[in-house]
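# here's my sequence, what's the structure:
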Amino acid sequence: MAQISFPPDITPTSRSYSPGEYPQTTFQAQNGAKTVLRYGNKRYDSTMKLEFKNITDDQAAEILGNYENINSDWDYLNFNGTDVLKGIEPTTSTLKTYVRESNSGLRWRYAKAPQVSSGTYPGVSNVSCSFVACLDGT
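The predicted model follows:
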């Protein structure tokens with residue numbers, strides 16, 4: 001398993017991120033009292049959705065190629081050195097650490113195949129990508 005970079009020069013038009021959940025089960029009694037059983041202290045299933053509007057067909061093909069490359073060998077995505085986090089400032093932002101999942105042990109993968117749509121302009125596409133960060137045992 002290797003970490004493969006997302007195509008470096010494609011900037012998303014929008015980005016949404018969720019830090020995931022902790023493994024736990026909540027039990028609630030009839031009187032409303034709650035008990036929580038926690039099964040670990042690491043988050044899992046962080047999610048991120050990226051939208052790329054009005055990019056070239058070549059850039060859309062780069063994203064599709066990256067998807068194939070990652071999934072052909074069960075590799076992971078690396079967003080370091082890419083434009084995916086462009087707009088989060090400063091460069092050393094703690095938010096970037098969360099979104100990269102740098103310190104969590106989670107590894108990014110595609111949650112599903114990228115969705116490509118084309119409009120009326122030749123050579124221009126829109127791409128939507130969904131990612132999930134896995135806590136895989138190694």
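# just the element for Thr97, please.
helix 94-100 (DSSP states H and E).
# check which element follows that helix along the chain.
Taking DSSP H and E, what comes next after helix 94-100 is strand 107-110.
# show me what secondary structure element comes after that following strand.
strand 115-118.
# could you check that next one and say which residues are buried?
Val116 (16 or more other CB atoms under 10 Å). Heads up, the C-betas are built off the backbone N, CA and C, glycines and all.
# what lines up beside that strand in the sheet?
Using DSSP bridges, the strands paired with strand 115-118 are strand 124-134 (antiparallel).
# report the buried residues of the helix holding Thr97.
With burial defined by 16+ other CB under 10 Å, the residues of helix 94-100 counted as buried are 96, 99-100.
# and Ala2, how many residues sit next to it?
For Ala2, the count of nearby residues is 10 (other CB atoms under 10 Å).
# helices of the chain, start to end?
57-73, 94-100 (DSSP state H).
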